[in-house]
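J.: sequence and predicted structure below; questions after.
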Amino acid sequence: MKTIEELKAIRENMSDTLAMRNNAEGSIRVVVGMATCGISAGARPVLQTLAQEINKRHLKNVKLVQTGCIGICRLEPIVEVYIGNEKTTYVKMTPEKALRVVNDHLVNRQVVTEFTIGAAE
Amino acid sequence: MKELSLHILDIVQNSLRAGASLVQIMVTIDTRQDFLRLKIEDNGCGMTEDFLQQVTDPFTTTRTTRKVGLGIPLLKEAAERTGGHFIIQSQVGVGTMVEANFVYRHIDCMPLGDMASTMMILIQGSPEVDFIYEYSFNERSFLLKTAELREILQHVPLDEPQVLKWIHDFVQENEGLVREGNVNENN
């Protein structure tokens, strides 16, 4: 059973981790399209998987954000990864593909070419 | 969309894009009177009378990437398919209220689905917004208010992964309790 006491415990244990996160360098931005097109194509489980996996692997330098319609609705769910000046667009995502993107791209910095928009077109 | 919780996630995006700082989501299920009602109220920028007239038309949207907007028409369609009805009210500078009424036992009434995930994702995307989620099943209900959680958490943000997981599980458990509690009551 989830209790308010548990929430207080999270607060007490958090202070150190937060300071670390604010100083994180080499940040990565992961953007998920969450408009009608994205949501109906399955963006919610993709976003949830990304959030869980980023948390599980303690990737403190990754910022996960939601956006509206990216403009290519037929290829949703779409996930964009920004590292430095480089942008990668992943299309027709699934929770399974999301796991690979976290593992190969966010952790090991290898673009998963087969899931990119270039491979789909 | 396969679940009402996905429609809710979608419709609330409109509220957020309208700059709402408070979004209230109410799900009311009444098995005796056989209805399920979704109500989403926000204090966003609202819509003009003219725009409100066209908003259930799929060829109306504020987005610039393409010329169709399906969020509201899809929800309206889903409600009407069950013999229910759809209401939208809005006032510029005050906010917008969307209400979709479904006939609960109708074969076309979608399941509510995973509201815990919907709430978690809304809060992850907009931790600064005050969300109120109320789930009622017959006479019992439970309430989640992010403003109250924020007070407890102090310096810890709502979009902290551990907090999000807590919110997810909290919603899931309480929805279950509210539903089950009612079954016991009937016995």
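T.: On my side now, so go ahead.
J.: got the residues of chain A near chain B?
T.: A:1-2, A:4, A:6-8, A:10-11, A:14-15, A:18, A:34-37, A:39-40, A:44-45, A:47-48, A:51-52, A:54-55, A:64-66, A:68-71, A:73 (CB under 8 Å from any CB of the partner chain). Where you see a C-beta, it was placed from the backbone N, CA and C, and this is true even at glycine.
J.: now, these that are in helices?
T.: Among these, DSSP state H puts A:4, A:6-8, A:10-11, A:14-15, A:18, A:36-37, A:39-40, A:44-45, A:47-48, A:51-52, A:54-55 in helices.
J.: select only the buried ones of the residues you listed in ChimeraX?
T.: Buried residues among these (16 or more other CB atoms under 10 Å in any protein chain shown), as a ChimeraX selection:
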select /A:7,10,11,14,36,37,39,40,44,45,47,48,51,52,54,55
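J.: longest helix anywhere in chain B?
T.: Per DSSP H, chain B has its longest helix at helix B:161-186.
J.: so which bits of that helix are buried?
T.: Within helix B:161-186, the residues that count as buried by 16+ other CB under 10 Å are B:162-168, B:170-172, B:174-175, B:178, B:182.
J.: pLDDT weak spots in chain A?
T.: A:16-26 (pLDDT under 70).
J.: kindly recompute the last result at 80.
T.: Judged against pLDDT under 80, the low-scoring parts of chain A cover residues A:1, A:15-26, A:121.
J.: over to chain B?
T.: When residues are selected by pLDDT under 80, those of chain B lie in B:55-70, B:181-187.
J.: near chain A, which residues of it show up?
T.: So chain B meets chain A at B:1, B:6, B:9-10, B:13, B:17, B:63, B:65-66, B:69-71, B:74, B:114, B:117-118, B:120-121, B:124-125, B:149, B:152-156, B:160-166, B:169-170, B:173 (CB under 8 Å from any CB).
J.: pull out the buried members of the residues you listed.
T.: B:1, B:6, B:9-10, B:13, B:69-71, B:74, B:114, B:117-118, B:120-121, B:124-125, B:149, B:153, B:156, B:160, B:162-166, B:170.
J.: just those: which are in strands?
T.: The members of these all map outside strands under DSSP state E.
J.: picking that back up, now the angle from the longest helix of chain B to helix A:43-56?
T.: 130 degrees (axes from the mean of the first three to the mean of the last three CA atoms, to 10 degrees).
J.: so what secondary structure elements neighbour helix B:161-186?
T.: Under the contact criterion of 3 or more CB pairs under 8 Å, 6 or more residues apart in numbering or on different chains; DSSP states H and E, helix B:161-186 touches helix A:4-22, helix A:43-56, helix B:115-125, strand B:130-137, strand B:140-145, helix B:146-153.
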